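Colleague: What shape does this take:
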Amino acid sequence: MEHTRTLKDKIFLVLKGLAMGAANKVPGVSGGVVAFVGGFYEEFIYSLQKVNGKALKLLLAGRFKSFFQYINGRFLSLLFFGMIISYFSVSKILDYYLQTHELFVWSLFFGMIVGSIYFISKDFRAWNTKTIIALIFGIAAGLSISFLNPATENDNLWFVFFCGIISVSGMTLPGFSGSFILILLGNYVLLLVDSVNALYDTMADLFVGDFQFVNDPNRIRMLKVLAVFTLGSVVGLVSFSHALSYILKHYKNITTTTIIGFITGSLGVVWPWKVTNYKMDEAGNFILDSTGKKIIVYYERYIPELTSETYLALFYIILGIAIVLGLEWYGQKTRTQKS
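Modeller: Numbers count the residues shown, from 1 in each chain. Reported below is the predicted structural model:
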């Protein structure tokens, strides 16, 4: 799939990577949905599938140019470059707004997911008994995950490796939020906030020539956790892509309806009107984990009253839908111009 890309194409690939990276970090939102709506999902999956034995042989033989072309390297490198930038920029902005304007952020993403469901399903025509069963299965699976309660934090390195494998599922499975699964496993703050901040602080220390962090056991622990998590993510990304490429090739219609159902069922995850309940002792004090963070027990969802805040939240839902439809319109326009 490697082909000549214009500067405009390259910039938009980086921007798509930014969007995927930001979406992957927000609980309930799937980076795979961004890829699906952006029209590059299949190229993403098939490019990852090329990271195989043949690619390893080319790399070990020193045939770097052939290796780069074989794995569709230009596409993957630009996309992952955007994701890396997102991890240290866009995602931090999202963290801030989730703390200060949580309702409106969830409303925006709720609208974007509703728009994504429309985008994926609008041209689907292969409805039959099998695809309807797949749709129902996807909805049931999405709902089941949406209403599970979170576990407590666990920094065991084998468990962290498993979390890495699970966390990238949202990049390859539209509607399946890897970050929300990390919340359910109890490791969202540890792996997507604390360890990333530790890396950021370490890079800042290295930049000014300060090596005192090597004597900080907590910093070293966090860096080990991040390294193992990253390794698990790479393993998960490659293995999931190989399985999905086969499924997409042989069961595309069933896979599509399962994804539609899963995204629909997962709307419960990003329902804007919810209260987060934390673990407390008998005296009414918050019980903190080993890092001093409050422990989430469950989410209490409710139907809002019609207030000015609710109307503003509804506006953000409509805005989210409009963003997705705008991306769809741009994608169709771009494909028309290229053809």
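
Colleague: Run the chain-centre distance for stretch 112-130.
Modeller: Relative to its chain's centre, stretch 112-130 lies at 20 Å (C-alpha atoms, centre = their mean, to the nearest Å).

Colleague: Give me the average confidence score over it.
Modeller: Per-region confidence: stretch 112-130 scores 83 on mean pLDDT.

Colleague: likewise stretch 13-33?
Modeller: 77.

Colleague: which residue lies farthest from the center of this structure?
Modeller: Most distant residue from the mean C-alpha position of the chain: A283, 37.7 Å away (C-alpha atoms, centre = their mean).

Colleague: and stretch 255-275, how far apart are its ends?
Modeller: 33 Å (C-alpha to C-alpha, to the nearest Å).

Colleague: Buried residues of it, list them for me.
Modeller: Residues of stretch 255-275 classed as buried by neighbour count (16 or more other C-beta atoms under 10 Å): 255-274. C-beta coordinates here come from the backbone N, C-alpha and C atoms, glycine included.

Colleague: likewise stretch 119-132?
Modeller: 119-121, 131.

Colleague: and what of stretch 305-318?
Modeller: 310, 313, 316-317.

Colleague: Repeat that for stretch 97-111.
Modeller: 103-111.

Colleague: picking up where we left off before, just the buried residues of stretch 305-318: which are in helices?
Modeller: Within these, residues falling in helices by DSSP state H are 310, 313, 316-317.

Colleague: Flag the shaky bits of the stretch 51-200 of the chain, pLDDT-wise.
Modeller: Applying pLDDT under 70 to the stretch 51-200 of the chain flags the ranges 90-92, 95, 149-152, 170, 174-177, 184.

Colleague: change it to 80
Modeller: 87-99, 113, 116, 119-120, 123, 145-154, 169-181, 183-190, 192-194, 196-197 (pLDDT under 80).

Colleague: which residues of it fall in helices?
Modeller: 53-60, 64-70, 73-88, 90-100, 102-121, 129-146, 157-167, 169-172, 178-184, 188-189, 195-207 (DSSP state H, counting those that start in this stretch).

Colleague: The last one versus helix 157-167: what angle between them?
Modeller: Which is helix 195-207. 100 degrees (axes from the mean of the first three to the mean of the last three C-alpha atoms, to 10 degrees).

Colleague: what sits against W271?
Modeller: Residues near W271 by C-beta atoms under 8 Å, 6 or more residues apart in numbering: 106, 110, 301.

Colleague: ranges for the strands of the stretch 201-339 of the chain?
Modeller: Ranges of strands in the stretch 201-339 of the chain, per DSSP state E, counting those that start in this stretch, are 274-278, 296-301.

Colleague: Nearest to Y70, out of those?
Modeller: Nearest to Y70 among the strands of the stretch 201-339 of the chain is strand 296-301 (43.6 Å), distances taken as C-beta to C-beta.

Colleague: longest helix in the chain, by residue count?
Modeller: The chain, longest helix under DSSP H: helix 217-250.

Colleague: can you pull the contacts of the spatially closest residue to G115 that is not a sequence neighbour?
Modeller: Residue nearest to G115 in three dimensions, not counting chain neighbours: V324, with 3.0 Å by C-beta to C-beta, 6 or more residues apart in numbering. Contacts here follow C-beta under 8 Å, 6+ apart; on that basis V324 touches 37, 111-112, 115-116, 118-119.

Colleague: got it, and A126?
Modeller: Counted by C-beta under 8 Å, 6+ apart, A126 has contacts N253.

Colleague: go with 10 Å
Modeller: By C-beta atoms under 10 Å, 6 or more residues apart in numbering, the contact list for A126 reads 252-254, 256-257.

Colleague: So the residue nearest to G115 versus I263, what's the distance?
Modeller: 12 Å (C-beta to C-beta, to the nearest Å).

Colleague: Same question for L60.
Modeller: With C-beta to C-beta as the criterion, L60 and I263 are 40 Å apart.

Colleague: Same question for C163.
Modeller: Taken as C-beta to C-beta, the span from C163 to I263 is 22 Å.

Colleague: do L248 as well
Modeller: Counting by C-beta to C-beta - L248 and I263 are separated by 16 Å.

Colleague: and if you look at V34?
Modeller: 12 Å.

Colleague: for T6, same thing?
Modeller: 32 Å.

Colleague: Let me know the closest of the buried residues of stretch 97-111 to S66.
Modeller: F109 (40.9 Å).

Colleague: if we can go back for a sec, of the buried residues of stretch 305-318, closest to A227?
Modeller: Of the buried residues of stretch 305-318, the one sitting nearest to A227 (C-beta to C-beta) turns out to be Y316, at 37.4 Å.

Colleague: Check the closest one and give its pLDDT.
Modeller: pLDDT, read off for Y316, is 94.

Colleague: ok, and the closest non-adjacent residue to it?
Modeller: Using C-beta to C-beta, 6+ apart, the closest residue to Y316 is S107 (3.8 Å).

Colleague: which residues sit in contact with the one you found?
Modeller: 101, 270-273, 310, 312-320.

Colleague: hmm, 8 Å instead?
Modeller: Contacts of S107 (C-beta under 8 Å, 6+ apart): 272, 313-314, 316-317, 320.
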